[in-house]
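# The following comprises the amino acid sequence and a computationally predicted model.
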Amino acid sequence: MTAVMVRCQRLAHARDLPLPALATAGAAGADLRAALGEKPLVIDPGARAAVPTGFRFAVPEGYEMQVRPRSGLALRHGVTVLNTPGTVDSDFRGEVMAILVNLGTEPFTVRHGDRIAQVLLAPVLRASFAEVAELEDTGRGSGGFGSTGR
């Protein structure tokens, strides 16, 4: 598999953190870590927080970087990425943040260096939109939100 190079800039508060990296040879996503310094961040049940990662990325044109949850945090603590997947566009140059939400029952503490999310690089297909007077019928029609059964 050919890798696509994503240039990244480490910010001062991430000076001791590793670059995002795949944890295993078959991993799809690279780990993002919290860049918090010495002060931990507590996310109360039901609360959300934008957690800094300490990196800016130059996503190649024609791609997006998706910020996704870590399954272990979701299962063990009820902590997930709120706008899943979050999209980092190719023209964005700000620090990437992970918007975490605590859906669990206990406060969750994020410490500097904790793995908080993962990022995947995905190709973008550009859509163009054309208004039409009617759309063709399908078997499903306008049924949604569980209309296809369980």
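Yep, it's here.

# burial count for Arg15?
Neighbourhood size, Arg15 [other Cβ atoms under 10 Å]: 9. C-beta: built from backbone N, CA, C; applies to glycine.

# now swap in Gly86 and tell me
By the measure other Cβ under 10 Å, the count of residues near Gly86 is 19.

# so it touches Glu64, yeah?
No. In this structure, Gly86 is not within contact of Glu64 by Cβ atoms under 8 Å, at 9.8 Å.

# which element is the residue nearest the centre of the chain on?
Closest residue to the average C-alpha location of the chain: Val67 at 1.3 Å, with Cα atoms, centre = their mean. Using DSSP states H and E, the element containing Val67 is strand 63-68.

# averaged over its residues, what pLDDT does that strand have?
Mean pLDDT, computed over strand 63-68, is 98.

# same check, this time on stretch 2-15
Across stretch 2-15, pLDDT averages out at 95.

# List the buried residues in that stretch.
By 16 or more other Cβ atoms under 10 Å, the buried positions in stretch 2-15 come out as Val6, Cys8, His13, Ala14.

# Tell me which residues are up against the host helix or strand of the second one.
Using DSSP H and E, Cys8 sits within strand 7-10. Taking Cβ atoms under 8 Å, 6 or more residues apart in numbering as the criterion, the residues outside strand 7-10 that touch it are Leu17, Leu19, Pro20, Gly54, Phe55, Arg56, Phe57, Ala58.

# Any idea how many residues pack against the closest residue to the third one other than its chain neighbours?
Meaning Pro20. Once flanking residues are discounted, Pro20 sits nearest to Ala30: 3.9 Å by Cβ to Cβ, 6 or more residues apart in numbering. Neighbours of Ala30 under the rule other Cβ under 10 Å: 17.

# and the residue lying farthest from the centre of the chain, helix, strand or coil?
Note on the chain: the largest C-alpha distance from the chain mean falls to Ala133, namely 37.3 Å (Cα atoms, centre = their mean). The three-state label given to Ala133 by DSSP: H, G, I helix; E, B strand; the rest coil is coil.

# what are the phi and psi values for it?
phi -70, psi -30 (degrees, to the nearest 10).

# show me the contacts for it.
Applying Cβ under 8 Å, 6+ apart, we find Ala133 in contact with no residue.
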